[in-house]
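J.: requesting a structural model of the entry that follows:
(2 chains)
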Number of protein chains: 2
Amino acid sequence: MSVLVVGSVALDDVEAPAGRVQGVLGGAACYFAVAARYFSPVRVVGVVGTDFPREHLEFLESRGIDLGGIVHAEGSTFRWGGRYLENLNERETLYTELGVFEGFRPELPRHFRDSVYVFLANIHPTLQRNVLQQAEAPVLTAMDTMNFWIESEASELELTLAAVDAIVINDEEAHQLTGIRNLVKAAEAIRERGPRIVIIKRGESGALLFDEEGIFSAPAFPLQQVQDPTGAGDSFAGGLIGALAREGSSGPEALRRAIIYGSVMASFGVERFSLDRFRDLTQDEVEQRFEEFRALTRF
Amino acid sequence: MSVLVVGSVALDDVEAPAGRVQGVLGGAACYFAVAARYFSPVRVVGVVGTDFPREHLEFLESRGIDLGGIVHAEGSTFRWGGRYLENLNERETLYTELGVFEGFRPELPRHFRDSVYVFLANIHPTLQRNVLQQAEAPVLTAMDTMNFWIESEASELELTLAAVDAIVINDEEAHQLTGIRNLVKAAEAIRERGPRIVIIKRGESGALLFDEEGIFSAPAFPLQQVQDPTGAGDSFAGGLIGALAREGSSGPEALRRAIIYGSVMASFGVERFSLDRFRDLTQDEVEQRFEEFRALTRF
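T.: Next up, the predicted model:
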């Protein structure tokens, strides 16, 4: 079943202990789409500027990702610069140049409107809701957000929260959204505000799922080396939503497996800079790491 | 099979968001012993001063814990004061008054020398090795340590490391011990220095086991409320070693189950101040939470 993602397409400059890259492919929609494509057809809505390298579009197209919703606008592509400190858990945003992303008003092409699984990456909550209105009969809608919208667009965010089935955020955002430190209580408070599924990403501590069945705890994969955590949350969401679409279900058992697939995709993504690990990652490796997650957690 | 623990018996003063307690029962050996006693017979070697309340000894005795190795010395009991900040992950040690613990030279009573599972809680590494020499035929020996010994007694610690089967430390200590941030690599480096089993405690991120079978990741139990994290690591170790003793095995499968039992005991311990949660905790509740860990991780 078809997955739709709406979000940023970016060029990233990243500094990390393992090295430094400039002008590489990034953006939530790209990480999400490439990860989700291992499981299901994917459609992308986003915007790029005139400086966006043709080769990046070719890479996405070579994966069979439908770029029919990518608008080419006059101006510069969204650019993000960040630096990771030694332990890789802390990062510093060096700059955010919105460029053409600032005026981004997502429009779904006619043939995208029947998308079944819809992921609203981190954009303005009003735009997220506009996308929902354009989707004709989604089976599952999920959203991300960030501290900026939580602080500056609380009431708009509240309306979007009430309109989605699922939210995928990190632990700090869950705290900011609710004022509650305890994750169990914070997730419960978020569920009362709309989404029946709350997924909290905790970086190298894994992820927690809260739904009507209770709580599921997924570990992060213990990696020997992490080059670049950028996009890990979006790769996670891509694996998650892609796997649900492949199963054609968002029931409790499917959700648990999908969260492991999300963790699998995040664990691969951070092994190299940008989306580089996905360039040679095979379907077999994905399924093999899923089995390694079983071995990691079995008792 | 019998479990021996050597370590501190203390009176604690604790401040946390949930409240404040003074002069309560604490110390690694107490947390360990009470947790381990849910699974197997336990023997304690430690020291208390003349100020140690009789009721605390009676509580431990009422659990059937063998206090034959507790020395009553002239002076004050080891006293620790700490304060937890809002998120409970950070704590400040307000004071450490060693008292009679300063001159503690652990001696195993004759009838303790046949102990099969030996846990060396956080004491001077030379004393830890002295205990090992007094144990006649242990099947499994395990140690804890802390930043203070890692910094000040590196060469003694190295000899103790080389003499034990297992080490149970937290992530920060694993980093300090090896200079390596990555936990997979740090655990491998520690295994090369002696212990075939390395267990890294990560607080609310759970625990990781590294042994000849590979890696096992155990979650922390998602609690709605934590009153006092003091002793969580020792309750964990008590559940772990106690469960191994009950199974009479430290093979890979038994180890995984034991780590979950350790996580179960830690999760109960932090629900209230001091050892208070254990005062009314039943065996049934322990087994029930073990099953809840299955539900939490199953996919």
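J.: for the rest of this, base every contact and every neighbour count on C-alpha atoms.
T.: Noted.
J.: burial count for the closest residue to chain B within the stretch 101-250 of chain A?
T.: The nearest approach of the stretch 101-250 of chain A to chain B comes at A:Phe216, 4.7 Å away (C-alpha to the nearest C-alpha). Under the neighbour criterion other C-alpha atoms under 10 Å in any protein chain shown, A:Phe216 is assigned a count of 24.
J.: hmm, it is touching A:Ile199, no?
T.: No: at 9.4 Å, A:Phe216 does not count as touching A:Ile199 under the criterion of C-alpha atoms under 8 Å.
J.: overlap in contacts, those two.
T.: A:Leu208, A:Leu209, A:Phe210 (C-alpha atoms under 8 Å, 6 or more residues apart in numbering or on different chains).
J.: related to what we said a few turns ago, tell me the SS of the residue of the stretch 101-250 of chain A closest to chain B?
T.: Three-state call for A:Phe216 (DSSP: H, G, I helix; E, B strand; the rest coil): strand.
J.: and the stretch 51-200 of chain A, which residues reach chain B?
T.: A:Asn87, A:Arg181, A:Asn182, A:Leu183, A:Val184, A:Lys185 (C-alpha under 8 Å from any C-alpha of the partner chain).
J.: just the buried ones among these, please.
T.: Buried members of these, counted by 16 or more other C-alpha atoms under 10 Å in any protein chain shown: A:Arg181, A:Asn182, A:Leu183, A:Val184, A:Lys185.
J.: identify the residues contacting the residue of the stretch 1-150 of chain A found nearest chain B.
T.: Ranked by C-alpha to the nearest C-alpha, the top residue of the stretch 1-150 of chain A for proximity to chain B is A:Asn87, at 6.6 Å. By C-alpha under 8 Å, 6+ apart, the residues touching A:Asn87 are B:Arg181.
J.: thought A:Arg20 was touching A:Val14?
T.: Yes: A:Arg20 lies in contact with A:Val14 (C-alpha under 8 Å); the separation is 5.6 Å.
J.: and those two? Which one has more around it.
T.: A:Val14 (23 against 13).
J.: give me the element A:Val14 is part of.
T.: strand A:10-16 (DSSP states H and E).
J.: now for the closest residue to A:Ile65 other than its chain neighbours: which residues touch it?
T.: Sequence neighbours aside, A:Val42 is the residue nearest to A:Ile65 in space, at 5.3 Å (criterion: C-alpha to C-alpha, 6 or more residues apart in numbering or on different chains). With contacts defined as C-alpha under 8 Å, 6+ apart, A:Val42 is in contact with A:Ser2, A:Val3, A:Leu4, A:Val5, A:Ala33, A:Ala36, A:Gly64, A:Ile65, A:Asp66.
J.: isn't A:Arg277 up against A:Gly269?
T.: Yes: with contacts counted by C-alpha under 8 Å, A:Arg277 reaches A:Gly269, the gap being 5.8 Å.
J.: what about the closest residue in space to A:Arg91 that isn't next to it in sequence, neighbour count?
T.: Leaving aside its chain neighbours, A:Arg91 sits nearest to A:Tyr84 (4.4 Å; criterion: C-alpha to C-alpha, 6+ apart). The local packing of A:Tyr84 (other C-alpha under 10 Å) involves 20 other residues.
J.: next up, the contacts around A:Tyr84.
T.: A:Tyr84 neighbours (C-alpha under 8 Å, 6+ apart): A:Val14, A:Glu15, A:Ala16, A:Pro17, A:Glu90, A:Arg91, A:Glu92.
J.: okay, and the spatially most central residue of chain A sits in which element?
T.: Geometric centre of chain A, nearest residue: A:Asp234, 2.4 Å, by C-alpha atoms, centre = their mean. Here A:Asp234 sits within helix A:232-247, counting by DSSP H and E.
J.: please apply the same query to A:Leu94.
T.: strand A:91-97.
J.: same question for A:Thr145.
T.: A:Thr145 belongs to no helix or strand, assigned by DSSP H and E.
J.: residues contacting it?
T.: Counting by C-alpha under 8 Å, 6+ apart, A:Thr145 has contacts A:Ala121, A:Asn122, A:Ile123, A:Pro125, A:Ile169, A:Glu173.
J.: from these, keep the buried residues only.
T.: A:Ala121, A:Asn122, A:Ile123, A:Pro125, A:Ile169, A:Glu173.
J.: contacting residues around A:Gly233?
T.: A:Lys201, A:Ala266.
J.: what's the spacing between it and B:Leu140?
T.: 41 Å (C-alpha to C-alpha, to the nearest Å).
J.: what about A:Phe268, distance to chain B?
T.: 16 Å (C-alpha to the nearest C-alpha, to the nearest Å).
J.: could you pull up phi and psi at the spatially closest residue to that residue that is not a sequence neighbour?
T.: Counting by C-alpha to C-alpha, 6+ apart, the nearest residue to A:Phe268 once its immediate chain neighbours are dropped is A:Arg277, at 6.4 Å. According to degrees, to the nearest 10, the main-chain angles of A:Arg277 amount to phi -60, psi -30.
J.: same check, this time on the one 5 residues further on
T.: As for A:Thr282, its main-chain torsions (degrees, to the nearest 10) stand at phi -100, psi 160.
J.: distance check, it against A:Phe236.
T.: 17 Å.
J.: show me which of those two is the more surrounded one.
T.: More crowded of A:Thr282 and A:Phe236, by other C-alpha under 10 Å: A:Phe236, with 30 against 12.
J.: tell me the pLDDT of the more buried one.
T.: pLDDT for A:Phe236: 98.
J.: which non-adjacent residue is nearest it?
T.: A:Gly262 (4.0 Å).
J.: confirm that neighbour sits in a helix?
T.: Yes: according to three-state DSSP, A:Gly262 belongs to a helix.
J.: which residues touch it?
T.: Neighbours of A:Gly262 in contact, by C-alpha under 8 Å, 6+ apart: A:Ser235, A:Phe236, A:Ala237, A:Gly238, A:Gly239, A:Leu240, A:Ile241, A:Ala243.
J.: any idea of the angle the strand holding A:Leu94 forms with strand A:10-16?
T.: Computed by axes from the mean of the first three to the mean of the last three C-alpha atoms, to 10 degrees, the angle separating strand A:91-97 from strand A:10-16 equals 150 degrees.
J.: run through the neighbouring helices and strands of strand A:91-97.
T.: strand A:78-84 (3 or more C-alpha pairs under 8 Å, 6 or more residues apart in numbering or on different chains; DSSP states H and E).
J.: tilt between the strand it packs on and strand A:10-16?
T.: Computed by the same axes, to 10 degrees, the angle separating strand A:78-84 from strand A:10-16 equals 10 degrees.
J.: so which of the contacts of A:Thr145 sit within strands?
T.: Among these, DSSP state E puts A:Ile169 in strands.
J.: tell me the one of the contacts of A:Thr145 nearest A:His56?
T.: Ranked by distance to A:His56 (C-alpha to C-alpha), the contacts of A:Thr145 are led by A:Ala121 at 19.5 Å.
J.: count the neighbours of A:Glu136 for me.
T.: 12.
J.: helix, strand or coil: sort out it for me.
T.: coil.
J.: now do the same contact list for it.
T.: By C-alpha under 8 Å, 6+ apart, A:Glu136 lies in contact with A:Arg113, A:Asp114, A:Ser115.
J.: turn these into a markdown table, including pLDDT, secondary structure and neighbour count.
T.: A markdown table is the format used below for the contacts of A:Glu136 (pLDDT from 0 to 100; DSSP: H, G, I helix; E, B strand; the rest coil; neighbours: other C-alpha atoms under 10 Å in any protein chain shown):
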| residue | pLDDT | secondary structure | neighbour count |
| --- | --- | --- | --- |
| A:Arg113 | 97 | coil | 18 |
| A:Asp114 | 97 | coil | 17 |
| A:Ser115 | 97 | coil | 23 |
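J.: appreciated, that's everything.
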